[in-house]
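**Q** Okay, sequence plus prediction incoming.
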Amino acid sequence: MRIVVTYLKKAWHWLTSMRTALVLLFVLAIAAIPGALLPQRSLNQDNVNEYIANNGRLAEIYDTLQLFDVFESTWFLAILTLLTISLIGCILPRSWDHYLAGKTPPTRAPRNLARLPLHAEGEVDKPMADVTADARRLLKRWKVAEYKASEDRAGRFSLAAERGYTRELANLLFHLGLVGMIATIALGRMVYYEGHVIVVTESGNYDTPPIDQNTEFCNTSTANYDSFRAGPLFDGTGLTTFCFDAHDFAADYLPNGQAEMFTSNISYAVGDDINLPKGEWTDYELKVNHPLRVEGDRVYLQGHGFAPTFTVTWPDGESRTQTIQWRPDDPTFFLSSGVMRFDPPAGMYPDLFERRQNQIAIQGLFAPTAEWSGENGELLTSKFPAMNDPAVAIDIYRGDAGLDTGRAQSLFSLDTALLHSGQLQKIERVNLLQGETVTLDDGTTVTFDGASEFANYQISRDPFQPWVLATTVIMLAALVGSLLIKRRRIWVRLTPLADGRTHVELGGLARTDRAGWGPEFDQIHRELLGLPDQDDIDDDELVPADALKVST
């Protein structure tokens, strides 16, 4: 048992040493590198799936090592926990030592001041009491202690002064700020929530305006989000009650197609104000990096894309119109891909099975500014991200599109099983400009009406974010203080002479870096000895040899 306790003590001393804390901090930085180089599930699940599909066995090994979930992995959290314990173990004893050092008077002067890095001596035409008063005046911002001749190592009256105690305080505050930042980030991840919602706005490009779109989002239930994630201590019932209505989306582009700014005008209401008419809601211009802040929640404009509108008209005259967002596959010029599924009118096919066999599915590409290439000029690409000349290249299928199977369907691609089994059969491949129509073999028409722009809004809440900011500011300010503040000591030893004058000897020692301490020591000893400043001495002016003896 005693051996176990001994080893535990050794392990604790090793863990709480500053050297171990620095090593763990370095290891933590190295461990974070895979999180920057590899796609992370917490940011984009699709990118992770694509990486695994493209890299085979190597990606499976990465997944086993949790390299796609670095910042939530067991080993990363273990390093972070050890670092926190190590820092706390370093800080507590150092804080107590700093408290005791603050209550302890400066140490007595060494016997031989001439051996110190900074040294000066001379005689002053003043009694010792006046010189002592002058020394205290010069050292009024220092922590000063007097030592009688019986207490001094050289047997003479001396003053000991020390300054720069706040350097160690700043060092402790830096480590406390680092621990506080880690703790507040960890607590924030336990109770945070973050969700994304795609809203198709009223802005668009149409020959004939489509049916009204729902442009409103209410933060009243997690089911209203397209994607949602939260910390383990958030049960989904503490959402901040507010709604916003997205009026439009506008993007400013440079001539090369690079986005310059995204803007979305919205109106919002909080709490009971939601019941007011929308005309009385508060207007806000949402921009990138300029989120809407609502009672601790933040609404960000995260991204955008296009939602094409198609109208399918059956031979009996009934029609269906859909506007659904398509995925931007090209992040620069927004060539997008997606799918639409249409159920035929119930009157055309009273039998449910027959009706299922005549569903219409559209899958293809959308270009906001079309550019045609290829041998026959039929290959669609996009040459600019703004919607100047929209067009689509689509495949039209008839059959079982999986609308009422009870299984989840991808928003951007058809079920390949339905295609391979022949349940969905391609009946047409066509390119359409805005307003153009294609007629199928049974007289059904498909019209490309145009497109709207959709915006991706991110709603997030982290109640510990202000504390993270505060601890980070404290950490950085303390780091600057620990680098700029100099810890230094000075001793003044006085000896009364028979003629009423006083012999003065000074010594200085820097506890840390000597830089910047020499001129300060020089200024003190010159004022105490009544000597002119170095800048005031002419080149041909001589100082009497017996007036000053200085060594540095």
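**A** Yes, it's here.
**Q** Okay, buried residues for stretch 519-534 please.
**A** By neighbour count on 16 or more other Cβ atoms under 10 Å, the buried set for stretch 519-534 is 520-522, 524-526, 528-529, 531. In this view, the C-beta of every residue, glycine as well, is placed from N, C-alpha and C.
**Q** check contacts around Val288.
**A** Val288 sits next to 261-262, 301 when contact means Cβ atoms under 8 Å, 6 or more residues apart in numbering.
**Q** Neighbour count says what about those residues? Which are buried?
**A** Once neighbours are counted (16+ other Cβ under 10 Å), the buried part of those comes down to 262, 301.
**Q** Serialize the contacts of Val288 to TSV and add fields for secondary structure.
**A** Formatted as TSV, these follow (DSSP: H, G, I helix; E, B strand; the rest coil):
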residue	secondary structure
Met261	strand
Phe262	strand
Leu301	strand
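**Q** pLDDT for the contacts of Val288 - can I get that in CSV?
**A** Listed next are the contacts of Val288 as CSV, based on pLDDT from 0 to 100:
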residue, pLDDT
Met261, 88
Phe262, 90
Leu301, 91
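**Q** JSON lines for the contacts of Val288, including distance to Gly56?
**A** Listed next are the contacts of Val288 as JSON lines, based on distance: Cβ to Cβ, whole Å:
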{"residue": "Met261", "distance to Gly56": "41"}
{"residue": "Phe262", "distance to Gly56": "37"}
{"residue": "Leu301", "distance to Gly56": "38"}
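**Q** hang on, isn't Gly507 packed against Trp491?
**A** Yes. Between Gly507 and Trp491 there is a contact at 4.9 Å, judged by Cβ atoms under 8 Å.
**Q** Common neighbours of the two, please.
**A** With Cβ under 8 Å, 6+ apart, Gly507 and Trp491 have common neighbours 109-110, 113.
**Q** Using ChimeraX, define a selection of the buried residues within the residues you listed.
**A** Command for ChimeraX that selects the buried part of the shared contacts of Gly507 and Trp491, burial taken from 16+ other Cβ under 10 Å:
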select :109,113
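**Q** with the shared contacts of Gly507 and Trp491 in mind, which one is nearest to Leu440?
**A** Pro110 (101.9 Å; Cβ to Cβ).
**Q** Any chance of the buried residues of stretch 519-534 in JSON lines with secondary structure as columns?
**A** Below are those laid out as JSON lines (three-state DSSP):
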{"residue": "Glu520", "secondary structure": "helix"}
{"residue": "Phe521", "secondary structure": "helix"}
{"residue": "Asp522", "secondary structure": "helix"}
{"residue": "Ile524", "secondary structure": "helix"}
{"residue": "His525", "secondary structure": "helix"}
{"residue": "Arg526", "secondary structure": "helix"}
{"residue": "Leu528", "secondary structure": "helix"}
{"residue": "Leu529", "secondary structure": "helix"}
{"residue": "Leu531", "secondary structure": "coil"}
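**Q** Serialize those residues to CSV and add fields for distance to Phe412.
**A** Formatted as CSV, these follow (distance: Cβ to Cβ, whole Å):
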residue, distance to Phe412
Glu520, 69
Phe521, 73
Asp522, 75
Ile524, 76
His525, 79
Arg526, 80
Leu528, 82
Leu529, 85
Leu531, 84
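**Q** now, among those, which is nearest to Glu216?
**A** Distance to Glu216 across these (Cβ to Cβ) is lowest for Glu520, with 66.7 Å.
**Q** pLDDT value on the closest residue in space to that closest one that isn't next to it in sequence, please?
**A** Of all residues not flanking Glu520 in the chain, Arg488 sits nearest, at 7.7 Å (Cβ to Cβ, 6 or more residues apart in numbering). For Arg488, the pLDDT comes out at 86.
**Q** For Arg488, name its beta-bridge partners.
**A** Arg163, Ala510 (DSSP bridges).
**Q** If you count neighbours, what's buried in the helix or strand hosting Ile85?
**A** If you go by DSSP states H and E, Ile85 is part of helix 74-103. Using 16+ other Cβ under 10 Å as the burial criterion, the residues of helix 74-103 that qualify are 76, 79-80, 82-87, 89-91, 95.
**Q** On the secondary structure side, give me the element for Leu169.
**A** helix 165-191.
**Q** Tell me which residues of that helix come out buried.
**A** 167-185, 187-189, 191.
**Q** What is the subsequent helix or strand relative to that helix?
**A** According to DSSP H and E, the helix or strand after helix 165-191 is strand 193-206.
**Q** Okay, now the sheet partners of that next one, with direction.
**A** strand 227-230 (antiparallel), strand 445-461 (antiparallel).
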